[in-house]
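[1] give me coordinates for this.
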Amino acid sequence: MTNARRAASDRRTTTHRRRRSARKPVVASLAAVTLLAGAWYATAATMDLGGEGAGDGTTTAAEASATGSTEASASATASGTPAAAATSPTPTPTPTATAKATAAAKAATGTLAVTSTAVTLSAKFPYLSAGYNNTREWTRTTTAVAPNGTLRVAWPASDGIHVTPLTAAGKRSAADTVVKGAKEVGGLVAHNDGFALLTRVADTNKWKETAAALVRYTNGKQTFATKLTGTASHDTAPLLDGQLTWNGTKYGTYFVVHGAGGFADGHFGDKLAYVSAKGAKLSGGWGWGCSHNEGIALHAEATGAFTSLCFDDWRSGLFVSTGIGAPDTAPAVQREQCWAGYCGGTFAGRTGELVKSSTGRYATAFGSRGAASAAKNPEDASGRGWTVKPKTTTHQVAVAFLKTRNTPAGKPIYLTNTPGTEHVNVHIAPYGKDRLLVSWETLKNAKCASGTCTGTFTGTHLRLIDWNGKFQSADKVVTARITGDIAVQKNGSLAWAYAPVTPSYATALTGASPTTTTLRIARLKP
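    Numbers count the residues shown, from 1 in each chain. Reported below is the predicted structural model:
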């Protein structure tokens with residue numbers, strides 16, 4: 001949940017929601033270009049990210065193995081594999097033995113070598129957003145792949161949302177399409193002849209807030225713009241934290257809504273709406289679901305309800321909301337203290353990635369503080385509220401599995417166990433036929449207050465696991481950030497866009513976002 005929604009939620013006067021302390025106002029502005037003191041930035045045009053930036057713009061990112069790091073040792077311990085311990089000297093392996101071991105390791109895990117291509121932007125991209133307590137978060141970009149293998153990247157600028165067309169290799173293929181007046185990247189679907197964008201547009205309502213909308217462009221021209229909130233449904237969308245998916249026949253749009261009249265006036269929930277290929281609203285979904293949704297995940301299905309997950313603050317946890325919306329009776333994946341700042345925003349880019357296996361299982365990854373205790377809240381007269389006390393002050397990396405679209409498969413598996421280290425910007429994606437890539441950023445010497453942490457950035461980590469959560473590689477630290485949705489290409493390669501800057505989580509974001517006029521398009525081939 002970002003500051004705009006939190007500030008609005010604090011105006012609530014009804015008693016069936018947990019009351020919160022005052023929130024800080026939104027301070028970021030897409031139009032502003034002022035650089036804040038101590039900002040999370042480096043000049044993109046002059047910065048050298050491990051050799052990225054010379055020649056034709058395509059390079060192999062400089063990467064450092066973190067196999068012997070504290071993070072890797074803790075991860076190994078968490079998996080049941082003992083961390084390396086100090087022992088008496090052992091014989092030095094022969095060169096032949098070392099070569100065989102290295103070859104075997106590469107065969108088992110792959111090289112995790114990220115390559116990237118530079119793309120010059122036609123406008124300034126403000127690559128930071130202010131989260132809860134003004135925590136620094138990457139401004140969301142979304143990368144999507146069309147059936148013919150070409151890519152589209154959506155990113156916000158002061159004049160609207162830009163959608164940049166790219167070749168399968170990540171190089172610009174044409175000029176941007178600019179969706180004028182659009183306010184947020186809530187999700188992107190790439191088509192051979194264009195794209196569909198979930199975004200926010202101007203609207204008239206009691207809160208003077210924007211409306212959610214699905215916009216379709218074909219061959220550079222807008223073919224429909226369908227508003228998904230409005231006066232008739234008593235809702236607005238001051239922000240989306242959304243997901244957009246497509247099953248070849250219809251779109252699924254899942255996003256946050258603010259009640260503007262009716263039973264939910266002034267409250268926040270979420271909405272799932274289906275839209276046809278021609279922009280018509282379809283039956284199914286729901287108009288009001290999870291309370292104060294702190295993280296949304298959606299996966300398109302060929303038939304039936306699209307699989308969905310939500311972080312709900314009233315019931316305090318991660319729930320399977322597939323087909324039912326509000327999780328009064330929904331299966332709990334994990335109990336978490338879901339006050340904003342605790343589980344809020346821990347899904348990637350304030351949303352979730354939900355990966356489906358060939359056998360019909362699902363996996364999602366998130367930052368978790370766990371639960372030292374979890375019980376129904378006796379002060380909640382509805383009997384549905386929960387109180388969860390977090391186990392740790394910092395987020396650790398957790399992966400949860402579903403055995404069907406409706407049913408969790410056991411408890412989440414933790415990939416890290418380093419209480420002094422904060423783990424943010426968690427992502428998961430399919431890696432080849434039977435493995436998963438999980439990534440996150442680490443902050444050492446973390447100092448936490450009111451659910452948010454500052455610290456010293458120590459890298460973007462990549463980790464391979466199988467569909468049982470078993471480690472298939474040690475951590476690898478890379479220079480390529482993962483700052484938005486990941487596209488899976490025809491050959492299984494993963495592609496995403498990121499701002500080529502060095503992050504800093506040392507302080508809160510207390511001014512306007514810095515900007516860049518360059519994106520790098522990263523690719524990782526299994």
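
[2] going forward, measure contacts between C-alpha atoms and count neighbours the same way
    Will do.

[3] where in this structure is pLDDT low?
    Confidence mapping of the chain against pLDDT under 70 gives the ranges 1-110, 344-346, 348-349.

[4] hey, where'd the helices end up in it?
    Counting by DSSP state H, residue ranges of the helices within the chain are 3-9, 70-78, 95-109.

[5] what count of nearby residues applies to the closest residue to residue 461 other than its chain neighbours?
    The shortest distance from residue 461 to any non-neighbouring residue, by CA to CA, 6 or more residues apart in numbering, is to residue 477 (4.5 Å). Residues near residue 477, counting by other CA atoms under 10 Å, number 22.

[6] cool, residue 291 as well?
    If you count neighbours by other CA under 10 Å, residue 291 ends up with 23.

[7] wait, isn't it in contact with residue 259?
    No: using CA atoms under 8 Å, residue 291 is not in contact with residue 259; the gap is 11.3 Å.

[8] now for the two: what residues contact both?
    The contact sets of residue 291 and residue 259 overlap at 268, 269 (CA atoms under 8 Å, 6 or more residues apart in numbering).

[9] and residue 151, how far from residue 259?
    36 Å (CA to CA, to the nearest Å).

[10] tell me which of those two has more neighbours.
    residue 151 (29 against 22).

[11] beta partners of that one?
    Note on residue 151: beta-bridge partners by DSSP bridges are residue 145, residue 166.

[12] do you know how far it is from residue 466?
    Residue 151 sits 27 Å away from residue 466, going by CA to CA.

[13] what about the strands in the stretch 101-250 of the chain?
    All strands of the stretch 101-250 of the chain, identified by DSSP state E, counting those that start in this stretch, fall at 114-126, 128-130, 136-138, 141-145, 151-157, 160-166, 177-180, 187-191, 194-201, 211-218, 221-227, 235-236, 243-246, 250-259.

[14] was I right about the residue nearest to residue 461 contacting residue 463?
    No: between residue 477 and residue 463 there is no contact under CA under 8 Å: 9.2 Å.

[15] okay, now residue 468: neighbour count?
    Residues near residue 468, counting by other CA under 10 Å, number 12.

[16] so how far is residue 335 from it?
    Shown here: residue 468 relative to residue 335, a distance of 21 Å by CA to CA.

[17] and if you look at residue 453?
    For residue 453, the distance to residue 335 equals 21 Å [CA to CA].

[18] same check on residue 219?
    46 Å.

[19] neighbour count for the two, which is higher?
    Between residue 219 and residue 335, counting by other CA under 10 Å, residue 335 is the more crowded of the two (26 against 11).

[20] and the nearest residue to the more buried one once chain neighbours are set aside, how many neighbours?
    Of all residues not flanking residue 335 in the chain, residue 317 sits nearest, at 4.1 Å (CA to CA, 6+ apart). Using other CA under 10 Å, residue 317 has 26 neighbouring residues.

[21] for residue 407, same thing?
    18.

[22] next: residue 221.
    Using other CA under 10 Å, residue 221 has 11 other residues around it.

[23] show me what contacts it?
    For residue 221, the contact set (CA under 8 Å, 6+ apart) is empty.

[24] what's the distance between it and residue 430?
    33 Å.

[25] do residue 187 as well
    Separation of residue 187 from residue 430 (CA to CA): 19 Å.

[26] which parts of stretch 120-134 are buried?
    Residues of stretch 120-134 classed as buried: 121, 123-134 (neighbour count, 16 or more other CA atoms under 10 Å).

[27] tell me the one among those residues nearest to residue 195.
    Nearest to residue 195 among the buried residues of stretch 120-134 is residue 121, at 18.5 Å by CA to CA.

[28] quick check: the closest one touching residue 521?
    No: between residue 121 and residue 521 there is no contact under CA under 8 Å: 12.0 Å.

[29] mind saving the C-alpha coords of stretch 453-470 as CSV?
    Provided in CSV are the C-alpha atoms of stretch 453-470 (Å, rounded to 0.1, in the frame of the first residue of the first chain):
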residue,chain,number,x,y,z
CYS,A,453,14.0,-0.6,7.4
THR,A,454,17.0,1.3,6.2
GLY,A,455,20.5,-0.1,5.7
THR,A,456,23.5,-0.5,3.5
PHE,A,457,22.7,-2.0,0.1
THR,A,458,24.7,-5.1,-0.5
GLY,A,459,23.5,-6.5,-3.8
THR,A,460,20.9,-8.1,-6.0
HIS,A,461,20.9,-11.8,-5.3
LEU,A,462,19.8,-14.6,-7.7
ARG,A,463,19.0,-18.1,-6.4
LEU,A,464,17.8,-21.2,-8.2
ILE,A,465,15.4,-23.7,-6.5
ASP,A,466,13.3,-26.6,-7.7
TRP,A,467,9.5,-27.0,-7.3
ASN,A,468,10.0,-28.5,-3.9
GLY,A,469,12.0,-25.5,-2.7
LYS,A,470,15.3,-27.4,-2.7
